[in-house]
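In: Quick one, fold the following:
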Amino acid sequence: MTPAAASGTATLTSRPEVPWLSGVSVRTVGRSVTLDVAARVLSQLGASVLAEDDVARVDIVLADRIGGPGDGAESAADYVARVQEANTAVWVTASAYGLSSSRADAFASELTLLAAGGILGHSRIGDEWAPTVPPGDLALKLVGYSMAVAALHAVHAWRATGTPVHVDLSAQEAVIATGLTLEMAHALSGCPDEGGSARYGAPSGFFDCLDGSVYVLVLEQHQWEAFRGALAPALDDIDTLVAAREHSDLVNEQLRSWTARRTAEECERLLQGAGVPCTEVNTLDLLVQRAQAVGRPLDLTSAEAPPLPALIQTRTHDDATSRPRPTTSISQLRVLDAGHVLAVPLGAAWLGAMGAEVTKLEDPQRLDVYRRRGPFADGKPGLNRSAYFNQLNFCKVPRDTTIADGVSDLDLEPFEVVLHNLTPRRASVVGVSIDDVLDQRGPKLAIASSGFGGAGAWANYRAYGHNIHAFAGLVAATRDGRGEMGDMGTPWADPLTSVAIAAWVLAWSLAPEHDVSVGIDISMAELTAVQLTSLHGQDVDAVYTPAPGEAHFFLRIEDQLAMTAVSTRSGAELATVENLLGQSLPALGTVGQLVTVRGLEIEGGEASAATIADELLARGIPASVVLTADELARDPFVRSTGLYQAVESADRGGYEVTGLPWRFVGEPRIGVSPAPERPVED
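Out: Here you go, the predicted structure:
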């Protein structure tokens, strides 16, 4: 493989906008958190966002019905008919539960969306406490990112057929298919053990230091060996990670003693230096200071901070074969997924479901940890039975690479796009680093995603989702049901990054021409931190104080465990809730407050969390039972939407994964194919 001569290399020090969507115009209908994110993503990628009252013809219209119809009491059916008449290109509608569902006219809020999407069901510190509610409108913002991706998918379809496309995006499905993806894999595959990655960890959790806290999570044997060495001789008698899990109390006790004698930064530096995933619990201000000090400029002080933060490198090619390439249709887009675990594989799977030709690269000697570790379907181990791997790798074809003497036999020439989230050293060995891709005859797109960025002092830091939450300022801004610092129970940074990756790739493929190769270095911590810009300068009490006239709380009937998340936007709506319950509610001064009410009857029957939610939704008030993945896997309503896609594989047989959270109005649901399987030895 001989690289083409290259020139014009830019250093990874700036965060420029890109012109890929030049000529694409966008208009939003109304104003909301979701619309703001979707429009800013498309703007950063080169689109022109017009004022709402601009009557010029546009390529993309973005409309948000999540919190209400927005333009009066128009029903979903009437709205769809009106859009069909008005749409000339691409129209994307985000609604709470989907325009084609039986809940088409129901609404949601940030709180009820987190409940309906299963996030709050897995963010619990105990049955007696309210769920841990993350700040920053994370769910609504994630729907905004999904909205931008769905819009770009629709632009591809519109350009291919010339037929206007109306995208029906369900906010509930967007949260389930991203933020809850691991828990859904666990539930849909009937895995018998507890869901979530932290269950494998020892040590696992937050540990106090002299001046703050760190989050530590050890999931691999080699990490355990490094951790044991760092604390030697305290844990010398515990040889394996399996034994460490069996003695987790002792392991955590020894780590608490070790961290209590050191600063948080020192603990992070020493353990990361040994190869152990450990991060300081940063505030937003501290994160900005630290990022700037290591040469990764991060701006959280402005609401205009780029929604897709990344360091971008370009390379022009001097050889005659590297001529500008026109727009690549999605069916002709060849993508190499050289990633592992979650962020890159899920983003690549979405691209495959949208029609791209996605190749899953695997090293037989070093298979994806998710494929190896499980959890496994029905508790039966096997390389083709991993619930996580199958959930994240649908719509891909397999390709193995052989690495001998540190050299890979990989040929990058067939691929326009190369994605990875490997360590810098491993990426170079496999041959998929940004430099490896940019050295090819262009034009190509390389995206490297990592916990803390591939350039700078943190490039070799190990990370898992919860480490990133701590590092990015999310944990420091979050309070659990007791009012103490906490973390949401699901890995949010990873699926958020997967959606961002899909947006980058789709926009690049839509560019009028490609005359340079582009490398994008994504820090998952920076991407997570950008979601929190609205919190900059606020104390936690302010973050959890509802807007005037609003209330966002949990209702639980005494002697019942199930809860209903409720949001009211006026005194009149709160009065409606009280009338339904037949009792007054206490002062509701905190977002996520838990209120226990005495037993009651609704329409002659004993009330439950579900009946309360149904009655409030029917009255136009956002409400949802706080659901878990297991409950969502069985939920008749979600099943009726077609989100769970049935696939058939040679080894495992039939199983289900969560597909794309949108559909094109008037067309069948977008189907998916099973993840690549390894040969099974007899």
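In: for this protein, longest helix please?
Out: helix 138-161 (DSSP state H).
In: Around Arg256, how many other residues sit close by?
Out: 15 (other CB atoms under 10 Å). In this view, the C-beta of every residue, glycine as well, is placed from N, C-alpha and C.
In: mind checking the SS state of the closest residue to it other than its chain neighbours?
Out: Sequence neighbours aside, Phe207 is the residue nearest to Arg256 in space, at 5.5 Å (criterion: CB to CB, 6 or more residues apart in numbering). Here Phe207 takes the strand state, with states given by DSSP: H, G, I helix; E, B strand; the rest coil.
In: Neighbours of the residue nearest to Glu74 when sequence neighbours are not counted, how many?
Out: Of all residues beyond its chain neighbours, the one nearest Glu74 is Arg82 (7.4 Å), with distances taken as CB to CB, 6+ apart. Using other CB under 10 Å, Arg82 has 12 other residues around it.
In: Which elements pack onto the helix or strand hosting Arg82?
Out: Using DSSP states H and E, Arg82 maps to helix 76-86. Contacts defined by 3 or more CB pairs under 8 Å, 6 or more residues apart in numbering; DSSP states H and E place helix 76-86 against strand 60-65, strand 90-95, strand 165-170.
In: Make a markdown table out of those and add mean pLDDT and distance to Pro277.
Out: Below are the helices and strands packed on helix 76-86 laid out as a markdown table (pLDDT from 0 to 100; distance: least, CB to CB, whole Å):
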| stretch | mean pLDDT | distance to Pro277 |
| --- | --- | --- |
| strand 60-65 | 97 | 37 |
| strand 90-95 | 98 | 35 |
| strand 165-170 | 98 | 34 |
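In: Nearest to Ser386 among the ones you listed would be which one?
Out: strand 165-170 (27.0 Å; CB to CB).
In: all strands of the stretch 551-682 of the chain, in order?
Out: For the stretch 551-682 of the chain, the strands defined by DSSP state E, counting those that start in this stretch cover 551-557, 564-568, 593-597, 601-602, 605-606, 623-625, 644-649, 653-658, 662-664.
In: Repeat that for the stretch 301-450 of the chain.
Out: 311-317, 325-326, 334-337, 357-362, 397-400, 403-404, 407-408, 417-420, 445-450.
In: Can you report how many residues lie near the residue lying closest to Thr240 once chain neighbours are set aside?
Out: Closest residue to Thr240 apart from its sequence neighbours, by CB to CB, 6+ apart: Gln221 at 6.5 Å. Neighbour count for Gln221, taken as other CB under 10 Å: 13.
In: my guess is Gln221 contacts Asp239, does it?
Out: No: using CB atoms under 8 Å, Gln221 is not in contact with Asp239; the gap is 9.5 Å.
In: related to what we said a few turns ago, tell me, which of the strands of the stretch 301-450 of the chain is the model least confident about?
Out: Note on the strands of the stretch 301-450 of the chain: lowest mean pLDDT is at strand 325-326, with a mean of 67.
In: Out of the strands of the stretch 551-682 of the chain, the one nearest Gly179 is which?
Out: Among the strands of the stretch 551-682 of the chain, strand 653-658 sits nearest to Gly179 (CB to CB), with 11.1 Å.
In: List the neighbouring strands of that closest one plus their orientation.
Out: Under the criterion DSSP bridges, strand 653-658 sits next to strand 644-649 (antiparallel) in its sheet.
In: Mind listing what's buried along the partner strand?
Out: Tyr644, Gln645, Val647, Ser649 (16 or more other CB atoms under 10 Å).
In: List just the nearest of these to Tyr544.
Out: Tyr644 (34.1 Å).
In: What sits closest to that closest one if chain neighbours are left out?
Out: Glu656 (4.6 Å).
In: ok, so what distance separates Leu445 from Ala646?
Out: 32 Å (CB to CB, to the nearest Å).
In: that older thread, the residue nearest to Tyr644: how many residues sit nearby?
Out: When neighbours are counted by other CB under 10 Å, Glu656 comes out with 19.
In: Check Ser449 too.
Out: 28.
In: Enumerate the beta-bridge partners assigned to it.
Out: Beta-bridge partners of Ser449, as defined by DSSP bridges: Ile522.
In: Next, the contact list for it, please.
Out: Residues in contact with Ser449 (CB atoms under 8 Å, 6 or more residues apart in numbering) are Gly339, Ala343, Val344, Leu419, His420, Asn421, Thr497, Ile501, Ile522, Met524.
In: now do Glu578
Out: Ser584, Leu585.
In: change it to 10 Å
Out: Thr568, Ser584, Leu585, Val597 (CB atoms under 10 Å, 6 or more residues apart in numbering).
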